[in-house]
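Participant: give me the fold of what follows.
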Amino acid sequence: MIWLSVVGFLVAAMAAGFVVRWVRGHASAYGNGMPQRFHMGDVPRLGGAALLLGLASAWGLGILQSFLGDPGSLKLGWWVGSWLLVLLPAVLGGIAEDMTQRLAVRYRLALTGASGLLAIFLLDLSVPRIGLPWIDMLLSACPWLGLAIVVLAVTGLPHAFNIIDGYNGLAGMVAIIVCLALAHVALQVGDRSLAALLVTTAAATGGFLVWNYPRGMLFAGDGGAYVWGVVIALASISLVQRNADVSPWFPMLLLIYPVWETVFSIYRKAVRGVSPGVADALHFHQLIYRRIVRGVFHDDESRRVLMRNNRTSPYLWGFTLLTVVPAILFWNNTLVLMGFCWLFVISYVVAYLAIVRFKVPDWLRR
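Facilitator: Take a look at the predicted model:
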């Protein structure tokens with residue numbers, strides 16, 4: 001598993017370096033007037049391509065290693081190739097958007113939905129239980145509902161990661177934290193093959209972060225967000241489906257930040273009569289950038305923007321850990337996990353309203 005992770009890290013880092021050095025031209029298509037733009041200059045957005053190459057290399061080597069003897073008992077057979085096939089529609093659509101800025105939201109939703117359908121047909125994924133008796137009885141009586149949840153999860157989570165991908169290191173570090181938490185529980189229940197896929201995903205993300213944080217020389221773009229979203233959605237569903245001891249609310253608590261950010265964003269846009277597909281600058285991380293992170297004073301404007309950008313992400317890393325720690329501690333206790341999910345939702349809304357109303361404690365601004 002360590003060897004595969006090293007390969008994933010190195011391939012992703014080298015591919016990202018190649019993009020930074022020689023494939024920068026497409027970045028000029030990203031307009032300066034975009035509301036979610038918080039950086040200076042033309043920065044390439046093809047980090048997703050580097051991530052995909054890192055994953056494909058590590059997973060491909062894992063398949064080869066398993067057929068040549070499998071010393072780590074990872075059992076990474078041909079089924080891992082099916083995971084890559086499931087990834088392709090969503091990720092290639094995201095990369096096309098990153099290069100052209102012309103792929104409409106409905107087409108990207110359709111492509112992530114295609115990945116969800118492939119997950120059902122190629123990986124035989126389904127959600128067999130929710131942890132609530134009456135809903136579990138309904139899922140047992142209507143198995144198609146479990147399939148619909150799979151499509152919804154694989155379709156929605158990539159876009160949730162795309163929403164929180166606003167500052168250097170933010171979405172990438174959240175993805176690493178979630179992948180390692182899922183891998184930890186997978187190892188707890190003896191699912192080494194799933195843990196290997198997650199650890200290599202975290203390693204490839206680390207290779208991308210070499211270029212993304214703190215200097216922001218490369219962005220993940222839609223392609224990178226879709227890699228994280230699809231892989232984590234597949235891993236979360238697989239972990240619950242294959243291991244009865246794991247509560248379905250464990251991955252929900254792990255992912256409650258990007259999931260609730262998406263739900264809340266849809267709600268506040270609907271209240272204002274705005275389409276959910278229209279980008280704005282009112283997400284939680286953007287408010288932290290504007291109203292909590294103190295200004296930095298340097299002569300160079302681009303350096304000021306970069307430093308404020310870098311100081312924003314650690315606030316959200318800490319916010320994510322507030323859900324990840326209890327999720328790891330209580331991964332098999334549905335009621336406790338549900339309670340922490342509700343606690344996060346309440347805390348998020350209270351914090352959001354406090355920031356909007358300029359009622360932030362001074363110690364948070366230091």
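
Participant: just give me how far the helix or strand bottoming out on mean pLDDT in the chain sits from the chain centre.
Facilitator: In the chain, the helix or strand scored least confidently by mean pLDDT, DSSP states H and E is helix 284-291, which has a mean of 72. Distance of helix 284-291 from the chain centroid (CA atoms, centre = their mean, to the nearest Å) equals 19 Å.

Participant: how about it as CSV, C-alpha atoms only?
Facilitator: Extracted in CSV, the C-alpha atoms of helix 284-291 (Å, rounded to 0.1, in the frame of the first residue of the first chain):
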residue,chain,number,x,y,z
PHE,A,284,-18.9,30.0,3.8
HIS,A,285,-15.2,29.9,2.8
GLN,A,286,-15.6,33.2,0.8
LEU,A,287,-17.1,35.0,3.8
ILE,A,288,-14.2,33.8,6.0
TYR,A,289,-11.8,35.2,3.4
ARG,A,290,-13.5,38.6,3.4
ARG,A,291,-14.5,39.1,7.0
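
Participant: packing partners of it?
Facilitator: Here helix 284-291 touches helix 301-329, helix 334-356, going by 3 or more CB pairs under 8 Å, 6 or more residues apart in numbering; DSSP states H and E. In this view, the C-beta of every residue, glycine as well, is placed from N, C-alpha and C.

Participant: winner for burial among the ones you listed?
Facilitator: Mean neighbours per residue, mean count of other CB atoms under 10 Å, is largest over the helices and strands packed on helix 284-291 for helix 301-329, with a mean of 17.

Participant: pLDDT weak spots in the stretch 51-200 of the chain?
Facilitator: Scanning the stretch 51-200 of the chain for pLDDT under 70 picks out no residues.

Participant: quick one, helices of it?
Facilitator: Ranges of helices in the stretch 51-200 of the chain, per DSSP state H, counting those that start in this stretch, are 79-100, 105-123, 133-141, 143-164, 170-188, 192-212.

Participant: helices or strands next to the fourth one in the packing?
Facilitator: What that stands for is helix 143-164. helix 79-100, helix 105-123, helix 133-141, helix 170-188, helix 221-242, helix 256-271.

Participant: equivalent analysis for the second one, please.
Facilitator: Judged by 3+ CB pairs under 8 Å, 6+ apart, the packing partners of helix 105-123 are helix 79-100, helix 143-164, helix 221-242.

Participant: hmm, try it at 6 Å
Facilitator: When contacts are defined as 3 or more CB pairs under 6 Å, 6 or more residues apart in numbering; DSSP states H and E, helix 105-123 packs onto helix 79-100, helix 143-164.

Participant: surely Ala327 and Leu254 touch.
Facilitator: Yes: with contacts counted by CB atoms under 6 Å, Ala327 reaches Leu254, the gap being 4.9 Å.

Participant: ok now do Val246, which residues does it touch?
Facilitator: Shown in contact with Val246 (CB atoms under 6 Å, 6 or more residues apart in numbering): 239-240.

Participant: so it: helix, strand or coil?
Facilitator: Secondary structure, DSSP: H, G, I helix; E, B strand; the rest coil: Val246 is coil.

Participant: how close does it sit to Leu194?
Facilitator: In this view, Val246 and Leu194 are 11 Å apart by CB to CB, to the nearest Å.

Participant: now Gly60
Facilitator: 17 Å.

Participant: compare those two (neighbour count), which wins?
Facilitator: Between Gly60 and Leu194, counted using other CB atoms under 10 Å, the more crowded position is Leu194 (23 against 16).

Participant: dump the residue contacts of the closest residue to the more buried one other than its chain neighbours.
Facilitator: Taking CB to CB, 6 or more residues apart in numbering, and ignoring the residues beside it in sequence, Leu194 has Ala186 as its nearest neighbour in space, at 4.5 Å. By CB under 6 Å, 6+ apart, the residues touching Ala186 are 194-195, 239.

Participant: buried residues in the least confident helix or strand of the chain?
Facilitator: Neighbour counts using 16 or more other CB atoms under 10 Å place 284-289 of helix 284-291 among the buried residues.

Participant: and for stretch 82-102, what are the contacting residues?
Facilitator: Contacts of stretch 82-102 (CB under 6 Å, 6+ apart): 26, 29, 45-46, 48-49, 52, 103, 108, 111-112, 114-115, 118-119, 122-123, 158, 221-223, 226-227, 230.

Participant: is there a quick PyMOL command that grabs whichever of those residues are buried?
Facilitator: One line in PyMOL is enough to select the buried ones among the contacts of stretch 82-102; burial here means 16+ other CB under 10 Å:
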select buried, resi 26+45+46+48+49+52+103+108+111+112+114+115+118+119+123+158+221+222+223+226+227+230
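
Participant: how about TSV for the helices of the stretch 51-200 of the chain, with distance to Leu234 added?
Facilitator: Below are these laid out as TSV (distance: least, CB to CB, whole Å):
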stretch	distance to Leu234
helix 79-100	6
helix 105-123	6
helix 133-141	19
helix 143-164	7
helix 170-188	11
helix 192-212	9
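
Participant: between these, which one is nearest to Thr320?
Facilitator: Smallest distance to Thr320 across the helices of the stretch 51-200 of the chain (CB to CB): 5.3 Å, for helix 170-188.

Participant: output that closest one as CSV, restricted to C-alpha atoms.
Facilitator: C-alpha atoms of helix 170-188 as CSV (Å, rounded to 0.1, in the frame of the first residue of the first chain):
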residue,chain,number,x,y,z
LEU,A,170,-9.0,23.8,0.9
ALA,A,171,-10.8,21.1,-1.1
GLY,A,172,-7.5,19.0,-1.5
MET,A,173,-6.9,18.9,2.2
VAL,A,174,-10.5,18.1,3.0
ALA,A,175,-10.3,15.2,0.4
ILE,A,176,-7.1,13.9,2.1
ILE,A,177,-8.7,14.0,5.6
VAL,A,178,-11.9,12.3,4.4
CYS,A,179,-10.0,9.6,2.4
LEU,A,180,-7.7,8.8,5.4
ALA,A,181,-10.7,8.6,7.7
LEU,A,182,-12.5,6.2,5.4
ALA,A,183,-9.3,4.2,5.0
HIS,A,184,-8.9,3.9,8.8
VAL,A,185,-12.4,2.5,9.2
ALA,A,186,-11.9,0.2,6.2
LEU,A,187,-8.8,-1.2,7.9
GLN,A,188,-10.7,-1.6,11.1
